[in-house]
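Asker: could you work out the structure for the sequence below:
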Amino acid sequence: MDSQNRLQSYKSLEEIQLAKVPSSSDIHAVSSFEQVSEMASSPLREAPALRNEFGELKQAVTAQMYQVYQLMKKMPAIEASTAFAAGKVKQIWAQQEQLLQAIIDAE
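Answerer: Prediction:
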């Protein structure tokens with residue numbers, strides 16, 4: 001996935017997060033998160049290799065999310081073809097039942 005698509009997916013995620021209405025527990029969690037982020041960010045500034053590793057992980061997760069999204073887009077077509085196949089199987093079953101009944105009646 002190119003950087004423009006990745007940027008757009010991050011912007012979409014940010015919009016979803018901004019759309020949440022905060023409750024008092026969310027506000028407490030945010031302040032706790034900010035404290036944890038401050039503590040965690042200082043070692044990250046000193047460890048560029050670790051920062052690069054996080055960047056690679058974000059890229060890998062974003063790529064996997066994109067693959068799942070592509071599969072989800074294909075689901076209606078997969079469901080439609082499965083329904084068509086199930087309809088054909090039922091039609092063949094009905095024909096076989098009629099043939100079997102005709103054989104039984106002929107005996």
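Asker: and the average pLDDT for the helix or strand residue 59 falls within is what?
Answerer: Using DSSP states H and E, the secondary-structure element containing residue 59 is helix 48-106. If you average the pLDDT over helix 48-106, you get 84.
Asker: packing partners for it?
Answerer: Secondary-structure packing of helix 48-106 (3 or more CB pairs under 8 Å, 6 or more residues apart in numbering; DSSP states H and E): helix 3-19, helix 24-46. To be clear about C-beta, it is placed using only N, CA and C from the backbone, and glycine gets the same treatment.
Asker: least reliable of the ones you listed going by mean pLDDT?
Answerer: For the helices and strands packed on helix 48-106, where the average pLDDT is lowest is helix 24-46, sitting at a mean of 53.
Asker: distance of residue 66 from residue 57?
Answerer: Plainly put, residue 66 is 15 Å away from residue 57 if you go by CB to CB, to the nearest Å.
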